[in-house]
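K.L.:
model this:
(4 chains)
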Protein chains: 4
Amino acid sequence: MIKNIIALFFLCSSMGFFAQNKPSPHDTEVWEPVPKIVTVNEKGIPSDAIILLSDKVNEFVDYKGKPISWTYKDGIMTVKPREEGARKDQNVYTKQKFGNCQLHLEFRTPIDHEGEGKKNGNSGVFLQTFYEIQVLNSYENETHATGQLGAIYKQSSPMANPAKPMGEWQTYDIVYTAPVWQDNKVVKKASMTAFINGVLVQNHFELTGRTSFSSKAKYPAPHDKMPLMLQEHNNYVSYRNIWIREL
Amino acid sequence: MIKNIIALFFLCSSMGFFAQNKPSPHDTEVWEPVPKIVTVNEKGIPSDAIILLSDKVNEFVDYKGKPISWTYKDGIMTVKPREEGARKDQNVYTKQKFGNCQLHLEFRTPIDHEGEGKKNGNSGVFLQTFYEIQVLNSYENETHATGQLGAIYKQSSPMANPAKPMGEWQTYDIVYTAPVWQDNKVVKKASMTAFINGVLVQNHFELTGRTSFSSKAKYPAPHDKMPLMLQEHNNYVSYRNIWIREL
Amino acid sequence: MIKNIIALFFLCSSMGFFAQNKPSPHDTEVWEPVPKIVTVNEKGIPSDAIILLSDKVNEFVDYKGKPISWTYKDGIMTVKPREEGARKDQNVYTKQKFGNCQLHLEFRTPIDHEGEGKKNGNSGVFLQTFYEIQVLNSYENETHATGQLGAIYKQSSPMANPAKPMGEWQTYDIVYTAPVWQDNKVVKKASMTAFINGVLVQNHFELTGRTSFSSKAKYPAPHDKMPLMLQEHNNYVSYRNIWIREL
Amino acid sequence: MIKNIIALFFLCSSMGFFAQNKPSPHDTEVWEPVPKIVTVNEKGIPSDAIILLSDKVNEFVDYKGKPISWTYKDGIMTVKPREEGARKDQNVYTKQKFGNCQLHLEFRTPIDHEGEGKKNGNSGVFLQTFYEIQVLNSYENETHATGQLGAIYKQSSPMANPAKPMGEWQTYDIVYTAPVWQDNKVVKKASMTAFINGVLVQNHFELTGRTSFSSKAKYPAPHDKMPLMLQEHNNYVSYRNIWIREL
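P.N.:
Purely as a prediction, here's the structure:
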């Protein structure tokens, strides 16, 4: 009899019968969906990451979908500066298109032993092809704040300058949220959080539009997922160890 | 003659003479303020970071500002579970108070060779004392999604479960934005972006209020900067290598 | 005319004509055999290494060639202490036999939160089954110099004590040269060079014989390649990331 | 009474009274000297190491003891190739002299984007000024086995070729034993054990004498401790993170 009463009590309790008197901590628990398990290997690569560049994989093509002109060896891909008078675009693009993502990459700006001062390591990471976060040698190399390493180009100065010397490998970790459109209008702007060498340079910055060299940034037209693009800008910038997680 | 005209053209052009007709790319440059230089040492610690825990520094005290009961040796600080019947709060607090910040720490949940299944490594990181992101052994240890490793406790499930096995050191990287108040009301909620072992678990999540075990989260009253708190929750969770950058 | 004579001189010189008078630097060059190319991956594992323990591979068996009693999960293998009164030998052995080698492994001695003082992390690495280099918690745990971490057990004290605290992963890097026999006699003793956590602990030490607990070490009988053995000695010592290169 | 007999027994036992019957395992223990404690910091540098090159320390001078011509910045020291017709020796030397030692250093051979094929990254590490182990770009750059990366120059080919591509930092770990002299004759030759990028390239090789470019190696005369020397050989080879432990 006593046993039954106790059982009844627990039954009621678990049904929230007495909840009006005292809310149960369990009321505010959420069990579903269960977050997916992601393991990280010794190289720091998450198990659900898509490898875009390694010593075995290179998922980049040129703007026509043809093989890239950049050099690629031992997992390192290096910008091939365009020849004098050549068509400008030697940029490279991922075959796959992406929207929201966590992106990791490593880059290296060229050493300049001869001192000619021109190897400033200019390149860029363009999320969804349109939205650039800057790659540049910003180690003892002054330029405008919105154009240096870690800048959302012409839109947001980096929160710090963690540039390493020329020739050193540096890391970029980026969380990118794609713009959301409704009726051909952007209702949620693209945003980026980014770290260089582990130092926060952008904290959920909302982009004012597509990256533009000389005019005001705009969101001219809706688009879907787009390739990740790396920019050719005359200098021998190198990349390695690029992976992306779709969010 | 032609040559002179061309020379004149370029002279004017470079002086911005025709700028009213064609905007110069320089118009959209921002030069000030210059982002501060931050160097990163071999341990990955930025030069502007405040060290909170290392083999030389321990900036934690108990709630009275007295020495902590936790063990601290060789740079490792380990929760001292409260004694049976003891006053609950064995949490530890930084002496300094913080608002917006980038926080790095490493934690380890205890190994359980004896298999009693109770060492689930419960602890927590409380930004500004009030806002928790969860520490727990979530490796093959099921609980509600809002209570597992990487959860904003009872508010936001982690976007993934990157938990390592018990006994392994794991990393937490957190970007925290403090709530903003006006006339005793919160006008901008607190937000967190967080990575565990390099995997994004929270992406600029806006907290609904202070962490609460059983009731609805609220922002009951304005507060200024507050200490970072680490929670004692019965288990021998260890911490090391904690640093913070004020943003 | 003079020009021709000079030309002739250089021609003869480059042909080694005067070599009897002045030796050429090329005389002391050796071109063959060409050293084999070994690449090292991001985990630091050489391309010619045999993986003995990883998250995918476990090449250890018990003394009968049967599955081991030790636990093995997520790339970590942990000693299973023998039960009270059980047959002593819970040691584990590689299926493959080895002679001269470069060996890398990582080990962890158990944490002892309860303070009973007995978890001293005793185990051992036995090259060719017979020749032990010691695994022990030697962090604030005194024992005889010939028995502590890095000792060639009962033969050679380590040159330094680089022990990390209990619970931390530590590395062993060993270069082992097998004994050479002729007519049942050892004509070249076994030797070891070893580093713990990167610190030299043995420098080409020539072993006086097989490891012996209580009697004098001897080389009783010739043997060929033998398995690598890891010792069970009551404590929950863990191993991971074991690879070996045959020399 | 019984108690006394037992006490007597243990007294005798600990004095080895019964040793003739059954040897005690304690008989073969050696307790003194106690190996010195060495801790290793997060950069992997042992606590008893002398820092020769870091971002704060540079212990190198030229052959006259004057400041070096090499560049030194951010912890990186780079060979300054001699000018056309200049006195040959731009080598650099530690102020302090060393004998037996464990040496760690990192080196980088220059990238050659222009493809002229001459930047083969030639330099060298000379223990005690006289005994060279070779630094060279040996990644897809053929030369004689006794002259490539890891060779004891003109004496011993490396056991493997673990060279990384040009522009990548590589590690050297060397255990060096100085020659021993008696009555102006060498009675124990110098020896080296060395690892490049963690791969064994020399295993206790006994040098036949001082490094010689064109003649047979000899031990012409006794010498005491001598500086560590790094060689200038026309190429922009860089060094960083050099430390040494006296043995």
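K.L.:
can you give me the helices in chain A?
P.N.:
Here chain A has its helices, by DSSP state H, at A:2-14.
K.L.:
low-confidence stretches in it?
P.N.:
Scanning chain A for pLDDT under 70 picks out A:1-23, A:87-88, A:114-119.
K.L.:
show me which residues of chain A sit near chain C.
P.N.:
Counting by Cβ under 8 Å from any Cβ of the partner chain, the residues of chain A close to chain C are A:42-43. From N, CA and C alone the C-beta is placed, and that goes for glycine too.
K.L.:
so is stretch A:67-84 next to chain D?
P.N.:
Yes: counting by Cβ under 8 Å from any Cβ, chain D is contacted by stretch A:67-84 at A:73-74, A:76, A:78.
K.L.:
run through who's touching that stretch.
P.N.:
Stretch A:67-84 is touched from outside by A:53-56, A:58, A:60-62, A:88, A:90, A:92, A:123, A:230, A:232-241, D:113, D:165, with contacts defined as Cβ atoms under 8 Å, 6 or more residues apart in numbering or on different chains.
K.L.:
residues near the nearest residue to residue A:60 once chain neighbours are set aside, how many?
P.N.:
Using Cβ to Cβ, 6 or more residues apart in numbering or on different chains and skipping the chain neighbours, the partner closest in space to residue A:60 is residue A:92 (4.2 Å). Residues contacting residue A:92 under the criterion other Cβ atoms under 10 Å in any protein chain shown number 26.
K.L.:
kindly report the same for the one 10 residues further on.
P.N.:
Residue A:102 is flanked by 24 other residues according to other Cβ under 10 Å.
K.L.:
then residue A:216?
P.N.:
Neighbours around residue A:216, by other Cβ under 10 Å: 11.
K.L.:
name all residues that make contact with it.
P.N.:
Taking Cβ under 8 Å, 6+ apart as the criterion, residue A:216 is in contact with A:208-209, B:28.
K.L.:
just those residues now: which is nearest chain D?
P.N.:
Minimum distance to chain D across these is 31.7 Å, recorded for residue B:28 (Cβ to the nearest Cβ).
K.L.:
so what's the closest one closest to, chain neighbours aside?
P.N.:
Among residues not flanking residue B:28 along the chain, residue A:154 sits closest, at 4.7 Å (Cβ to Cβ, 6+ apart).
K.L.:
then residue A:121?
P.N.:
Excluding the flanking residues, the one nearest residue A:121 by Cβ to Cβ, 6+ apart is residue A:109, at 2.6 Å.
K.L.:
separation between the one you found and residue D:126?
P.N.:
Using Cβ to Cβ, to the nearest Å, residue A:109 is found at 32 Å from residue D:126.
K.L.:
again with residue A:28
P.N.:
Distance from residue A:28 to residue D:126, by Cβ to Cβ: 69 Å.
K.L.:
for residue A:38, same thing?
P.N.:
Taking Cβ to Cβ, one finds residue A:38 at 49 Å from residue D:126.
K.L.:
in terms of neighbours, single out the busier of residue A:109 and residue D:126.
P.N.:
Higher neighbour count among residue A:109 and residue D:126: residue A:109, with 29 against 20, using other Cβ under 10 Å.
K.L.:
I'd say that one and residue A:140 touch.
P.N.:
No: contact criterion Cβ atoms under 8 Å: residue A:109 and residue A:140 do not qualify, at 11.7 Å.
K.L.:
got phi/psi on residue A:158?
P.N.:
Per-residue torsions, residue A:158: phi -70, psi 150 (degrees, to the nearest 10).
K.L.:
if we can go back for a sec, so who does the residue nearest to residue B:28 touch?
P.N.:
Contacts of residue A:154 (Cβ under 8 Å, 6+ apart): A:146-147, A:211-213, A:217, B:28-29.
K.L.:
same deal with residue A:158?
P.N.:
A:145, A:148-151, A:196, A:201-202, B:35.
K.L.:
got a winner among these for most neighbours?
P.N.:
residue A:201 (30 neighbours).
K.L.:
wait, what's in contact with it?
P.N.:
A:149-150, A:158-160, A:162, A:194-195, B:35.
K.L.:
against residue A:135, how distant is it?
P.N.:
With distances taken as Cβ to Cβ, residue A:201 is found 12 Å from residue A:135.
K.L.:
between those two, what contacts are shared?
P.N.:
Residues touching both residue A:201 and residue A:135 (Cβ under 8 Å, 6+ apart): residue A:149.
K.L.:
measure how buried residue A:217 is and give me the count.
P.N.:
Counted with other Cβ under 10 Å, residue A:217 comes out at 18.
K.L.:
doesn't residue A:206 make contact with it?
P.N.:
No: counting by Cβ under 8 Å, residue A:217 does not reach residue A:206; the two are 11.2 Å apart.
K.L.:
re the thing from before, what's the farthest-apart pair in the residues of stretch A:67-84 next to chain D?
P.N.:
Farthest-apart pair in the residues of stretch A:67-84 next to chain D is A:74 and A:78; separation 10.8 Å (Cβ to Cβ).
K.L.:
which of the two has more neighbours?
P.N.:
Taking neighbours as other Cβ under 10 Å, residue A:74 and residue A:78 compare with residue A:78 leading, 20 against 12.
K.L.:
quick one: residue A:231 and residue A:126 touch, right?
P.N.:
Yes: using Cβ under 8 Å, residue A:231 is in contact with residue A:126, at 6.5 Å.
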